[in-house]
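Asks: Fold the following and give me the result.
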Amino acid sequence: MEIRAFGRCLIMVLAFAMLMPAAASAGSLPAKKPGKPPAFTNVSVHDPSIVKDGGTYYVFGSHIEAAKSADLLNWATFTNGYETPGNALYGDLSENLAGSFAWAGENDSDSKGGFAVWAPGIIRNEHFVNEDGTTGAYMMYYSASSTYIRSAIGLAVSKNIEGPYKYVDTVVYSGFTRDEAYDADSKVNKKWTNTNIGRLIEDGDLAGVNTSWFKTDGSYNNALYPNAIDAAPFFDRDGKLWMAYGSWSGGIFLLELDPATGRPVYPGKDGTAADGRMVDRYFGTKIAGGHTKSGEGPYIVYDQGTGYYYLNVSYGWLGANGGYNIRQFRASRPGGPYVDAAGQNAVLPPNTENSAYGIKMMGNFLFPREIGESGTGTGYGYASPGHNSVLYDERTGKYFLVFHTRFPQKGELHELRVHQMFLNRDGWFVVAPERYAGENLQTVKASQVAGDYKFVNHGLAYSGDIVKSVNVRLNKDNTISGDVTGKWQLSGKYEATLTLGGQVFRGVFVRGWDADLGGETLTFTAVSGKGESVWGIRQPDMSDRQVVKAVVEDLDLGDTSRVMANLNLPGRGTRGAAIAWKSSDPGVISDTGVIYPPEVGEAAATAKLTATITKGKAAASKTFAVVVAPIDPEYGLQARFSFEDNLRDSFGQFGEGVATGDRIDRTGGTIAYADGVEGKAAVFDGNSGIKLPGGLISGNRYSVSFWVNPQQYTQFTTTFFGANSTSSWISLVPESWDNNTMLWSGEAWYDGATGAKLPLNEWHHVAFTADEGAVKVYIDGVQKFAGTGFPGVFTTDSGTFSLGVNWWDPPFKGMLDELRVYDIPVTEAVIKKLAQAKG
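Replies: Numbers count the residues shown, from 1 in each chain. Below is the predicted model:
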């Protein structure tokens, strides 16, 4: 459907014959306590490691990002990423960390042209001996990485938590080989003699080389041994210092550290733990994972009350569609064995999927905002939450889970989140469903518990799918009804027990701030002996009459005054209210929203769609006038570049494009022409581009459509590029960081990932639409990505636009044809028609 400024014609009929006036149209809200909304200031810190210094909380993360907060709600960054010299944490980055970069992480293989400093672990160590003889420092165990297995963990220290941090040593290497070998785009000889292993052997710290480190071909045996990243140092109850680390493949390992030097106390010789787990002379004791299954970002915290060490590990992949999720194990000793609630060892046996191992504390979820509910957008949820750290705040006695997360339908945008945790009666941590807003555990009455909830079971399986909440009711008789059935019980002040599907879940009832409800509400969080976590968020009390009225008031089809695509007619509102649709003319639009548009040149057709909303015995209706217009690819067109031996806008509103050199601001390039999709196409030789007229797009509602035939791939090379500045831009790249075609935006980073790569030497149609933050990307007329939160780049009418070049990346080599720019988000039907226009 098209949304235009001339407005819509809406006829609303409210049949309230069965709806008596209510005292409060939104329903009584005993579940929601009004109050001053908490203020949040969000930051993006990936793989956060948290520490408290005085009254200030600090998180340090990948890519040398860090932030601080006085309340865990409002964060401010104080770093400058990879800038060097003058790096906020490391000064001259290249010089300071040269010892680690000699192995990985600077202008090498995957980090070619830049740096890859990941996932630091931070800890305050009062026993560390500084160069000047004083004791006490913050120790930063950072990761320098060049491939999925060739990495190193280095140590840098500072007396001041905000740095600068000075290099001490590189303590663990991975990805080394038996013989001389090199990765692509690398000059680093991977032979083990180029690590610290030779020195350790000479010093008597290691009993020679372990031949099991290598496969039969001499390559690194990453099925059994770790990728040296994701360090997590901690003190045990006896004051000993340890470091958990590792990622994917070979599993998670543990090394004891010398508190005076921060260096590992390597086992020196191979062995096995009492339960049969590997102890390697160099890497230490294996405590989780292995055999090529996912598992990374370990973190261990000791609880004095239970006497357990709790290990968190993230499964899956960190991308928005990677199913990243947080798992929990525990042990009575720092070296393990770590087990889950079912008693399963965290170290995986061979040929076993890992999804059944570990309590799944949190994965993908969404509490959708349904029609008739307060709030805005799609609702509240996370995508791929993970790589956490844990803070026990001695002042407040609270535990906090600190992690990064992406969000449903928002691409690769990620932010830091903090949730409070609680120990249940079985001694397992459960996570508050809402982000931390200062809440405390407090006495809950059974009368406050009874009511409607949105309910999520995180389960054990994981994928890119988002688990959506369902509706349940905790009844006064302690039964649970709705989409899930069972029983509930309140014990003591706030302990929660739920029996669902034969499983017993134990946790707590706790009040939390819900942004969509705009107030505090009761929640529950609990885990089962099988390892599944369930969450519930209490909803306002509403009668059936109030539900129907709320759905009627909220139900909207957008602008129906010029419809050129099938309408998505919702069939359900809040609390399970049913919505049934009826068309006055099925020849124009059906009861299911399918349109039958007139031909181009014919008059638009009109009809009425009536929605009947029912909940119990309450009912009401609402009618929309719908105008179905011809599917016209010329409607909303701003500019069209057909490349018929020229760079003119054939639509006539803009001037002519000009050839550039290998960057948008360089001259000297040449554009040729050859047979294309329709007539001629522009030919890009890999050294030239086209600078288009300025101001092609203004505002945050637009569409771009073109045909592309790539002849070679270079990562991040653009086809269509538009910018408001060098730090605010969009780019349609045939090959992005994930090696697939993507609508990319920076530096408010957004990844409209299609999950597919355009084949070489073939014509394919590409289009994308932006509609006030909602974005869709199409390939050959098929939607490949849809999301929200897309940056509004074009805030002025003086934006810069180009084809094949930007300010940084190698130019495009191939052909482009039939570029169209619209000042509206065109419909899928229009895009399908454009994609079928191949001559």
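Asks: What separation is there between Gly163 and Ala620?
Replies: Distance, Gly163 to Ala620, using CB to CB, to the nearest Å: 62 Å. The C-beta positions use only the backbone N, C-alpha and C, and glycine is treated the same way.
Asks: The residue lying closest to Phe651 once chain neighbours are set aside in helix, strand or coil?
Replies: The shortest distance from Phe651 to any non-neighbouring residue, by CB to CB, 6 or more residues apart in numbering, is to Arg640 (4.4 Å). The assignment at Arg640 comes out as strand when based on DSSP: H, G, I helix; E, B strand; the rest coil.
Asks: my read: Arg640 touches Leu834, true?
Replies: No. Arg640 lies out of contact with Leu834 (CB atoms under 8 Å); the separation is 11.0 Å.
Asks: what do the two both touch?
Replies: Common neighbours of Arg640 and Leu834, using CB atoms under 8 Å, 6 or more residues apart in numbering, are 818, 820.
Asks: where exactly do the strands run in the stretch 101-250 of the chain?
Replies: For the stretch 101-250 of the chain, the strands defined by DSSP state E, counting those that start in this stretch occupy 117-129, 135-145, 151-158, 166-174, 232-235, 241-245.
Asks: Who are the packing partners of whichever helix or strand comes after the last one?
Replies: Right, strand 241-245. Where DSSP states H and E defines the elements, the next helix or strand beyond strand 241-245 is strand 252-257. With contacts taken as 3 or more CB pairs under 8 Å, 6 or more residues apart in numbering; DSSP states H and E, strand 252-257 sits against strand 241-245, strand 264-265, strand 284-288.
Asks: May I have the beta-bridge partners of Ala331?
Replies: Tyr309 (DSSP bridges).
Asks: do you know how far it is from Ile300?
Replies: Applying CB to CB, the value for Ala331 to Ile300 is 9 Å.
Asks: do Ala515 as well
Replies: Ala515 sits 32 Å away from Ile300, taking CB to CB as the criterion.
Asks: cool, and Asp477?
Replies: In terms of CB to CB, Asp477 sits 43 Å off from Ile300.
Asks: neighbour-wise, which of those two wins?
Replies: Using other CB atoms under 10 Å as the criterion, Asp477 and Ile300 rank with Ile300 on top: 26 against 8.
Asks: about what we covered before: so which of Gly163 and Ala620 has more stuff around it?
Replies: Taking other CB under 10 Å, Gly163 and Ala620 do not tie; Ala620 has more neighbours (25 against 21).
Asks: That one: helix or strand, and which one exactly?
Replies: With DSSP H and E as the test, Ala620 turns up in strand 618-628.
Asks: Can you name every helix or strand that that strand contacts?
Replies: strand 10-11, helix 544-554, strand 605-615.
Asks: by how many degrees do the second one and strand 618-628 diverge?
Replies: Using axes from the mean of the first three to the mean of the last three CA atoms, to 10 degrees, the inter-axis angle of helix 544-554 relative to strand 618-628 is 10 degrees.
Asks: where does the stretch 701-839 of the chain have low pLDDT?
Replies: Counting by pLDDT under 70, the stretch 701-839 of the chain shows low-confidence ranges at 838-839.
Asks: at 80 what do you get?
Replies: 747-748, 837-839 (pLDDT under 80).
Asks: Would you state the helices of it in chain order?
Replies: 828-835 (DSSP state H, counting those that start in this stretch).
Asks: just the helices in the stretch 201-350 of the chain please.
Replies: Under DSSP H, counting those that start in this stretch, the stretch 201-350 of the chain gives no helices.
Asks: hmm, I was thinking of the stretch 351-500 of the chain
Replies: 446-449.
Asks: Do a quick rundown of the strands in it.
Replies: Counting by DSSP E, counting those that start in this stretch, the strands of the stretch 351-500 of the chain are 359-362, 365-368, 379-393, 398-406, 415-423, 429-431, 451-457, 467-468, 470-474, 479-482, 486-491, 495-500.
Asks: could you check the angle strand 415-423 makes with the third one?
Replies: What separates the directions of strand 379-393 and strand 415-423 is an angle of 60 degrees, with the same axes, to 10 degrees.
Asks: tell me the angle of strand 379-393 relative to strand 398-406?
Replies: Going by the same axes, to 10 degrees, strand 379-393 makes 140 degrees with strand 398-406.
Asks: pLDDT of strand 379-393, averaged?
Replies: If you average the pLDDT over strand 379-393, you get 97.
Asks: mind listing what's buried in it?
Replies: 379-391 (16 or more other CB atoms under 10 Å).
Asks: export those residues to a markdown table and tack on distance to Pro710?
Replies: Shown next, in a markdown table, are the buried residues of strand 379-393 (distance: CB to CB, whole Å):
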| residue | distance to Pro710 |
| --- | --- |
| Gly379 | 38 |
| Tyr380 | 40 |
| Gly381 | 35 |
| Tyr382 | 35 |
| Ala383 | 30 |
| Ser384 | 29 |
| Pro385 | 35 |
| Gly386 | 34 |
| His387 | 34 |
| Asn388 | 40 |
| Ser389 | 42 |
| Val390 | 46 |
| Leu391 | 48 |
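Asks: What separation is there between Lys530 and Ala288?
Replies: Taking CB to CB as the measure, Lys530 falls 19 Å from Ala288.
Asks: my bad, Met421
Replies: In this view, Met421 and Ala288 are 19 Å apart by CB to CB.
Asks: who's more crowded, these two?
Replies: Ala288 (29 against 22).
Asks: want to throw the strands of the stretch 101-250 of the chain into a markdown table with mean pLDDT and mean neighbour count?
Replies: Listed next are the strands of the stretch 101-250 of the chain as a markdown table, based on pLDDT from 0 to 100; neighbours: other CB atoms under 10 Å:
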| stretch | mean pLDDT | mean neighbour count |
| --- | --- | --- |
| strand 117-129 | 98 | 21 |
| strand 135-145 | 98 | 24 |
| strand 151-158 | 99 | 25 |
| strand 166-174 | 99 | 22 |
| strand 232-235 | 99 | 22 |
| strand 241-245 | 99 | 26 |
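Asks: weakest of the helices and strands packed on strand 618-628 by average pLDDT?
Replies: strand 10-11 (a mean of 34).
Asks: Correct me if wrong: Met278 contacts Pro226.
Replies: No. Counting by CB under 8 Å, Met278 stays clear of Pro226, with 10.8 Å between them.
Asks: Which residue of these two possesses the greater neighbour count?
Replies: Pro226 (30 against 21).
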